[in-house]
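> could you work out the structure for the sequence below:
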Amino acid sequence: MSYLQLGNVQLDLITWLGGFEAGYGYAYASHDIIEGKSHLQWTGDQLETRALSAQLHARFCDPRAEFEKLKTAASRHNALAMFFANGTYEGRFVIEELQRTLERTDRFGNVYLMQVRIQLKEWAEPTSSSLAGSLNANARAQAEAIAENAPARQLKDPSFGPTASQVRLKELAAKYDTFTRQPVPGLIR
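Numbers count the residues shown, from 1 in each chain. Sure, this is the predicted structure:
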């Protein structure tokens, strides 16, 4: 049975756990006050971190192959669910950093013992009220407008402002008297 599962990588390869650290942080903004001490305002929880140290031994696994599995999982840049063998769900994490130290090899370079350290950072889904969530919503609206070949004025978020053609039309409309019904150059009627 595996000790830990990170995404689809089962870490039954661990022959010795060197440590499992968890970090929690809380963010505060400092507001300077004239002739007084600064005030703090809690702005949110920071992302949780995990650090796992382990030994990979050739008696139980192929250390290089197991490390390559971890590198492949990290290079995909996806959030991975973390479960312990007892069923405890730790959350979703990305592999932020991998380190390895070759402790023992033979004279041909075959690895017998490898120390591995995995740094993980919590993956938090952006909410619609967060900046990332609103940027994602704006990007989706733009992509939908492009996919539908819709004009820019049909975008769902007006915060992007008018397009260059809309600005040009407004300038032309201001320049020509609409009451005399003069044609506006560049407009197809």
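> the longest strand anywhere in the chain - what's its average pLDDT?
When the chain is parsed with DSSP state E, its longest strand is strand 89-105. Mean pLDDT, strand 89-105: 92.
> name the helices or strands packed onto that strand?
strand 49-57, helix 63-75, strand 80-84, strand 111-122 (3 or more Cβ pairs under 8 Å, 6 or more residues apart in numbering; DSSP states H and E). In this view, the C-beta of every residue, glycine as well, is placed from N, C-alpha and C.
> mean neighbour count and mean pLDDT added to the ones you listed, as a markdown table?
As requested, the helices and strands packed on strand 89-105 are exported to a markdown table (neighbours: other Cβ atoms under 10 Å; pLDDT from 0 to 100):
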| stretch | mean neighbour count | mean pLDDT |
| --- | --- | --- |
| strand 49-57 | 19 | 88 |
| helix 63-75 | 16 | 90 |
| strand 80-84 | 17 | 86 |
| strand 111-122 | 19 | 92 |
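> mind putting these into JSON lines with distance to His39?
Conversion of the helices and strands packed on strand 89-105 to JSON lines gives the following (distance: least, Cβ to Cβ, whole Å):
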{"stretch": "strand 49-57", "distance to His39": "28"}
{"stretch": "helix 63-75", "distance to His39": "40"}
{"stretch": "strand 80-84", "distance to His39": "37"}
{"stretch": "strand 111-122", "distance to His39": "28"}
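> so which of these gets nearest Arg104?
strand 111-122 (4.0 Å; Cβ to Cβ).
> CA atoms only: put the closest one into PDB for me.
Extracted C-alpha coordinates of strand 111-122, given in PDB (Å, rounded to 0.1, in the frame of the first residue of the first chain):
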ATOM      1  CA  VAL A 111      21.700   4.700  -8.000                       C
ATOM      2  CA  TYR A 112      21.200   2.700  -4.800                       C
ATOM      3  CA  LEU A 113      20.000   5.400  -2.500                       C
ATOM      4  CA  MET A 114      18.500   8.800  -3.400                       C
ATOM      5  CA  GLN A 115      17.300  11.500  -1.000                       C
ATOM      6  CA  VAL A 116      14.300  13.400  -2.300                       C
ATOM      7  CA  ARG A 117      12.700  16.700  -1.100                       C
ATOM      8  CA  ILE A 118       9.400  17.800  -2.500                       C
ATOM      9  CA  GLN A 119       8.100  21.300  -2.000                       C
ATOM     10  CA  LEU A 120       4.300  21.700  -2.500                       C
ATOM     11  CA  LYS A 121       2.100  24.800  -2.500                       C
ATOM     12  CA  GLU A 122      -1.700  24.800  -2.100                       C
END
